[in-house]
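> here's a sequence, model it:
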Amino acid sequence: MATIVLSGYYGYENAGDEALLKAMIIVMRKLQPNVRIIVLSGNPSLTRKDHGVHAVHRYNPFAVFSVVWKADLFISGGGSLLQDVTGRLTIPYYLLVVALALFLRKKVMFYAQGIGPVQRNFGKWLIRLISNRVDLITLRDAASARRLKAMGVTDPQICVTGDPVFALVPEQSGHRPQPLVPEAVFCLRPWRKMKGMEEACLALARHLIDRGWRVTFLPLHAGEDREFAITMAEQLGRSEAQVVSRGLHFENALEIVSEASLLVGVRLHALMFATLLGVPVIGISYDPKVTGFLEDTGRPVFGVTHPLSGNTLIEEVDRIIKNYDDECHKASFWAARLKERAEETARMAMELLETRQ
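Coordinates of the predicted model:
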């Protein structure tokens, strides 16, 4: 039985990362039913429970060494692992476990990763040093490929595919009629550098409520977003607004988004959830990965290509409502296209697994 070890930001109650892990497991097992999958996780018991795989703690060096030693294929990804915005040790950690796999002569693949931002020269040097030694690099967007090449990564094959989460696209997505009481889901995150986001979203939420909509604040990362969502609802002060503060499992998040008429998102995977479910989005960018996804799918990027204010968001939502069927079809088109790319990533992983000695 072949063994695959997965390294990523797993076990931290981030609905986006948990959903992409679920998608990776589903599509890999579809292609290779008997494959054994082991996950390096921040909460191994939760990962075992949610995903039905073996898991060890990512910071237990003996456990990590043991499972990497047993691996036939080591996968780093998906997600935005090689960036230094969330901390100075993020890049060294993820590349250290990659280096261990290389030292043990394992097949190594970067799986639909998003690269950057990388601000420090040490991080760029480390990425160049390690990445040029892996067997295969797949990335979720073209901008990530450009960043890697700019850092001097040239040796392994680099393929732009798509985010793994799009493997969760339903087989059939029919017409999405607007309900009698439409609902807008806001998936926001606190970000001090993004000026005006809070005021703009509150103005949009008031506008929607005045037009008869319900508003739901959905924290996608329980640890980081919950308190901000509660604060936003309190500032809004309207009975038509609610906060999902419990049951923040990724499957619950997908179900909530599937019932929405519109998603207003800052979190990348919130925008991806809506797209894969055929729900129109308004995207606000705090990071190049969000900008890249919105641009790749032909959407305005508020805060980057379009000014971020209450008025501009209201104008956009009015445009979407006016062209609602077209917007739903646009989301479904991209969902189908990105599903093919997500499945191609898994096929490439299985092909690499078959080349093991």
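
> can you give me the strands in the protein?
Secondary structure of the chain (DSSP state E): strands at 3-7, 36-41, 54-57, 73-82, 107-115, 136-139, 157-160, 183-187, 214-217, 241-243, 262-265, 281-283.

> out of those strands, which comes closest to Leu96?
Closest approach to Leu96 among these (C-beta to C-beta): strand 3-7, 9.9 Å. Any C-beta I mention is one placed from the backbone N, CA and C, and that applies to glycine too.

> do I have it right that Val39 meets His51?
Yes - contact status for Val39 versus His51: in contact at 7.1 Å, counting by C-beta atoms under 8 Å.

> nearest the geometric middle of this structure, what residue?
Closest residue to the average C-alpha location of the chain: His269 at 3.9 Å, with C-alpha atoms, centre = their mean.

> from Arg189, how far off is it?
11 Å (C-beta to C-beta, to the nearest Å).

> so what sits against both of the two?
Both His269 and Arg189 are contacted by Leu220, under the criterion C-beta atoms under 8 Å, 6 or more residues apart in numbering.

> contacts only, for the nearest residue to Gly298 once chain neighbours are set aside.
In this structure, Gly298 finds its nearest non-sequential neighbour in Lys330, 7.1 Å apart by C-beta to C-beta, 6 or more residues apart in numbering. Applying C-beta under 8 Å, 6+ apart to Lys330 gives the contacts Pro280, Thr297, Gly298.

> do the same with Thr47
Tyr10, Gly11, Leu21, Val39, Ser41, Val53, Ala55.

> same check on Ala260?
Ala260 sits in contact with Glu183, Ala184, Val185, Thr216, Ala274, Val279, where contact means C-beta under 8 Å, 6+ apart.

> just the residues you listed now: which is nearest Pro307?
Looking across the contacts of Ala260 and measuring by C-beta to C-beta, the closest to Pro307 is Ala184, at 20.4 Å.

> got a list of what the closest residue to that closest one other than its chain neighbours touches?
For Ala184, ignoring the flanking residues on the chain, the nearest one in space by C-beta to C-beta, 6+ apart is Leu262 at 4.6 Å. If you count contacts by C-beta under 8 Å, 6+ apart, Leu262 has them with Pro182, Glu183, Ala184, Val185, Val279, Pro280, Val281, Ile282, Val317, Ile320.

> just the buried ones from the contacts of Lys330, in PyMOL syntax?
In PyMOL, this line selects whichever of those come out buried by 16 or more other C-beta atoms under 10 Å:
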select buried, resi 280+297
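
> can you tell me which of the contacts of Lys330 is nearest Leu31?
Closest to Leu31, out of all of the contacts of Lys330 and judged by C-beta to C-beta, is Thr297, at 26.2 Å.

> got a list of what the closest one touches?
Going by C-beta under 8 Å, 6+ apart, the list of residues near Thr297 reads Thr275, Lys330, Trp334.

> same check on Met348?
Applying C-beta under 8 Å, 6+ apart, the residues contacting Met348 are Met109, Leu136, Thr138, Cys159, Thr161.

> tell me how many other residues crowd the fourth one.
Read that as Cys159. Using other C-beta atoms under 10 Å, Cys159 has 16 neighbouring residues.

> that one and Asn132, how far apart?
16 Å.

> quick check, Met345 in contact with Tyr111.
Quick fix: residue 345 reads Thr, not Met. Yes - with contact defined as C-beta under 8 Å, Thr345 reaches Tyr111; the gap is 6.3 Å.
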